[in-house]
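In: build me a model:
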Amino acid sequence: MAPLSGKTPPALRAVLTEWPVVSAPMAETLTGASRAAVQRNLAWMEAQGLIREVTEQVRFRMWRAMP
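Out: Coordinates of the predicted model:
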């Protein structure tokens, strides 16, 4: 996550470490970041293989950290 700047990436990493599965609205609330920032960071983390989307839905998606 070193290429990412700002306070959202470390806050999101902490949320994903603390909770087994996380939704974008939940991450938004827990990090205090905007929905756009959370979704952008979740997409980047998923593309890097750091997290996995577990619901296989278009709406109401949930992610979990990869071991």
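In: pretty sure Trp63 sits against Val21.
Out: Yes - Trp63 is within contact range of Val21, at 6.8 Å (criterion: C-beta atoms under 8 Å). Any C-beta I mention is one placed from the backbone N, CA and C, and that applies to glycine too.
In: more crowded one of the two?
Out: Neighbours of Trp63 and Val21, each counted by other C-beta atoms under 10 Å, are more numerous for Trp63; the result is 23 against 16.
In: find the residue at the geometric middle of this structure.
Out: Taking C-alpha atoms, centre = their mean, the centroid of the chain lies closest to Leu42, which sits 3.8 Å from it.
In: low pLDDT regions in the protein?
Out: Within the chain, the segments meeting pLDDT under 70 span 1-5.
In: so what touches stretch 27-35?
Out: Taking C-beta atoms under 8 Å, 6 or more residues apart in numbering as the criterion, the residues outside stretch 27-35 that touch it are 7-8, 11-12, 15-16, 19, 22, 24-25, 38, 41-42.
In: closest one of these to Gln57?
Out: Top of the list for closeness to Gln57, among the contacts of stretch 27-35 and by C-beta to C-beta, is Ala24 at 11.8 Å.
In: is it true that that closest one touches Val38?
Out: Yes - applying C-beta under 8 Å as the test, Ala24 and Val38 come out as touching, 5.3 Å apart.
In: the two: which is more packed in?
Out: Counting neighbours by other C-beta under 10 Å for Ala24 and for Val38 shows that Val38 has the greater number, 25 against 17.
In: how close does the more buried one get to Ala47?
Out: The gap separating Val38 from Ala47 is 15 Å, by C-beta to C-beta, to the nearest Å.
In: show the contacting residues for Val38.
Out: Contacts here follow C-beta under 8 Å, 6+ apart; on that basis Val38 touches 8, 12, 24, 27-28, 31.
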